[in-house]
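Student: got a structure for you, letters missing:
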C-alpha cells in the first residue's frame, strides 16, 4: 500500500479542518472525526476506496497492536480511564462524594471559593496533564455541583490548570520531555555546556500563554467573568441544569447509583491519595529502572524524562481502585451495589474512550499527511527577526490546533525555531523556543481533537463540544495578549517589556470584561 506525502501541500490541512469544523457546527464529534479520517485516507491513497478502507482498518488496528507488539501506551491510557470510572462510581456509592460536598457546604463559603479550590488542586497536581484533568475533576466535581457551577466551567478550570502548569513545571512528564528536546537542540547548535534544566527555568517567564492563562483564570474566578457561551451554561447551572441534558449523559456521569448515608470524607481522599502517591512512585521507579538499564545515575529530572507515564498512571489507578473497594467493604455496602457501580463506572467512560480512539486515529492520519511539516514550512523565507517570536507562537498554535497534539508540535517546531534563531539572531533562541511552547499549549486548548481537551471534558463530566466552545473565547483572549507580548519582546529583546505589555493588556481586558460581561 503506497501513500502520498502532502508535506508541501495545503491539502494536508483539509482533513483536520473538515473534522474540526463539522464537530463544532454539527456537535456530532464521532461522525465529524470519522469523516476527517476517511477524507485523509482518500487523499493518501489516491481516492481508491479499497486502499482507503485497508488503510483506515490498519490504522485502527495500530491503536491496539503493531508489528512490535501491543500498543502499551494507548492500552494503559484506556485502562486508566476505565479504572478511574470505577473509582468514581465506588466513591459515589460509598457516600463519600456526598459527605465531601456536605463538608464543603460548611467550610467553602461560595462559588468563588469552590472554583479557587479546584484551581488550587489543578496547580498542585502537576505530574501529568491527563492525570491532572481526570483526578482533579473527580475530587472537585461534588463541590462545584453543590454550588451550581456548570460542568463547562469546571472543564475550563481543569484544562487551564493542566497543560499551562505542566509546561512550566520541570518535575512533570511535560517538563522532562521538553528538557530532553531542548537538550538535543542546544547540543546540535554548539551549546553542549549549557545546563538544560537551567535553560528550561530561564524560559518559564517567556512562556506568556501559560503564565497569563493562569492569571486570567484567577481573574475569571475572583471576578466571576462569564463570557460568550459560558454565560449561558452558568445561567443554566443556577437553574439546576449543570450540563445540557438534551444531549444525554456526559462521560463520567453516574446519576442512578445509590449513595450510602454513612459515607466519610476519608472515603474520597484515601483512594485518590493512594492513586496520586502510587502513580508518583511508579513514575519514579520506572524512570529509575530505565536509567539503570543504560548505566546512568539517578536524578529526579532524568527519572521523569525516562518514565513510563501510561503504565504508571494505570498501576496507580489500580491501587486506588483497591482502596476504593476496601472502603465500600468496610462500610458494608452490598456486593451487588459494588458490582453495579464498577460496571456502570466503566461504562460511563465509553463515550470518552470512543472520542479518544477517533482522535488518535485522525492524529495518525494527519501524521502521515505530514500536516505539521506543512505548517512548519510556512515559517521559511526571510522574516525580520523582531517578528519571529510572534510568528512562531501563531504557527505553533495553528499546528497544535490542526494536529491535536502539543507534544508533536514541540517535536516539529522547536528545532525549526532554533534554526531560525541561529540564522538571524542567536540571542532570540530562548524567546523563540518559549513562544513555540506557548503556542502549542494555546492550539491544544482550542482543538476539539486534542486528547487533553477530551480528557478535561471527561474529568468534568461535560459534553465535549460544550467544553471546546465555552473555553475558546478565554483562550483567544489570552492568545491575543501573548501575541502582543511576543511582538514587544521581539522588537525590544526584553522579556520584562513583554511581561509588562501582557500584564497591561490583561488588566485592560479584565476591566473591560467586568463591565461588559457581569456575572449571572
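Tutor: Thanks, I have it. Small disclaimer: the values here were computed from a predicted structure and weren't measured.
Student: Okay, now the unreliable bits of this protein?
Tutor: Screening the chain residue by residue with the criterion pLDDT under 70, one finds the ranges 1-3, 191-195, 244-249, 252-256, 379-382, 424-426, 517-520.
Student: Nearest the geometric middle of it, what residue?
Tutor: With distances taken as CA atoms, centre = their mean, residue 452 lies nearest the centre of the chain, 2.6 Å away.
Student: Now it. Nearest residue, chain neighbours left out?
Tutor: Setting aside the residues directly before and after it, residue 452 is nearest to residue 129 in space (CB to CB, 6 or more residues apart in numbering), at 5.1 Å. Heads up, the C-betas are built off the backbone N, CA and C, glycines and all.
Student: ok, now residue 462?
Tutor: Nearest residue to residue 462 in three dimensions, chain neighbours excluded: residue 151, at 3.7 Å (CB to CB, 6+ apart).
Student: show me where the stretch 1-150 of the chain has strands.
Tutor: Taking DSSP state E, counting those that start in this stretch, the strands of the stretch 1-150 of the chain run over residues 65-66, 69-70.
Student: Tabulate these in JSON lines, adding columns for mean neighbour count.
Tutor: Formatted as JSON lines, the entries for the strands of the stretch 1-150 of the chain read as follows, by neighbours: other CB atoms under 10 Å:
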{"stretch": "strand 65-66", "mean neighbour count": "12"}
{"stretch": "strand 69-70", "mean neighbour count": "9"}
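Student: looking at these, which is closest to residue 410?
Tutor: strand 65-66 (23.1 Å; CB to CB).
Student: Same list, the strands of the stretch 1-150 of the chain, but as TSV with distance to residue 431 please.
Tutor: As requested, the strands of the stretch 1-150 of the chain are arranged in TSV below (distance: least, CB to CB, whole Å):
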stretch	distance to residue 431
strand 65-66	39
strand 69-70	42
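Student: right, and the ones you listed - which one's nearest residue 207?
Tutor: strand 65-66 (34.4 Å).
Student: separation between residue 420 and residue 436?
Tutor: Counting by CB to CB, to the nearest Å, the gap between residue 420 and residue 436 amounts to 10 Å.
Student: So which other helices or strands are in contact with the one helix or strand residue 312 maps to?
Tutor: Assigned by DSSP states H and E, residue 312 belongs to helix 309-330. Helix 309-330 is packed against helix 72-93, helix 129-146, helix 266-293, helix 335-348, with contacts defined by 3 or more CB pairs under 8 Å, 6 or more residues apart in numbering; DSSP states H and E.
Student: Quick one: residues in contact with the next helix or strand after the longest one.
Tutor: Right, helix 266-293. Per DSSP H and E, helix 266-293 leads on to helix 300-306 as the next helix or strand towards the C-terminus. Residues outside helix 300-306 that contact it (CB atoms under 8 Å, 6 or more residues apart in numbering): 170-173, 175-177, 179-180, 197, 283-284, 286-288, 290-291, 296.
Student: how does it look with 10 Å?
Tutor: With CB atoms under 10 Å, 6 or more residues apart in numbering as the contact definition, helix 300-306 has outside contacts at 127-128, 169-180, 183, 196-197, 200, 283-294, 296, 299.
Student: swap in stretch 334-350?
Tutor: Residues from elsewhere that reach stretch 334-350 (CB under 10 Å, 6+ apart): 78, 80-94, 134, 249-260, 321, 324-325, 328-329, 333, 353, 356, 458, 461.
Student: any residues in contact with both of residue 420 and residue 436?
Tutor: Counting by CB under 10 Å, 6+ apart, the residues touching both residue 420 and residue 436 are residue 392.
Student: If you count surrounding residues, which of the two has more?
Tutor: Looking at residue 420 and residue 436 with other CB atoms under 10 Å, you find the greater number of neighbours at residue 436, namely 30 against 20.
Student: Confirm for me that the more buried one is in contact with residue 429.
Tutor: No - when contacts are counted by CB atoms under 10 Å, residue 436 is not listed as touching residue 429 (11.2 Å).
Student: what do the two both touch?
Tutor: With contacts taken as CB under 10 Å, 6+ apart, residue 436 and residue 429 have 417, 418 as neighbours in common.
Student: ok, back up a step: what's the helix or strand for the residue nearest to the centre of the chain?
Tutor: Residue 452 belongs to helix 451-460 when elements are defined using DSSP H and E.
Student: list the contacts for the residue nearest to the centre of the chain?
Tutor: Residue 452 makes contacts with 129-130, 132-133, 158-159, 162-163, 166, 404-407, 441, 444-445, as judged by CB under 10 Å, 6+ apart.
Student: just to revisit the earlier point, just the buried ones among the contacts of helix 300-306, please.
Tutor: Among the contacts of helix 300-306, the ones that count as buried by 16 or more other CB atoms under 10 Å are 127-128, 169-170, 172-180, 183, 196-197, 200, 283-284, 286-288, 290-291.
Student: Buried residues, the helix holding residue 312. List them.
Tutor: By neighbour count on 16+ other CB under 10 Å, the buried set for helix 309-330 is 309-321, 323-325, 327-328.
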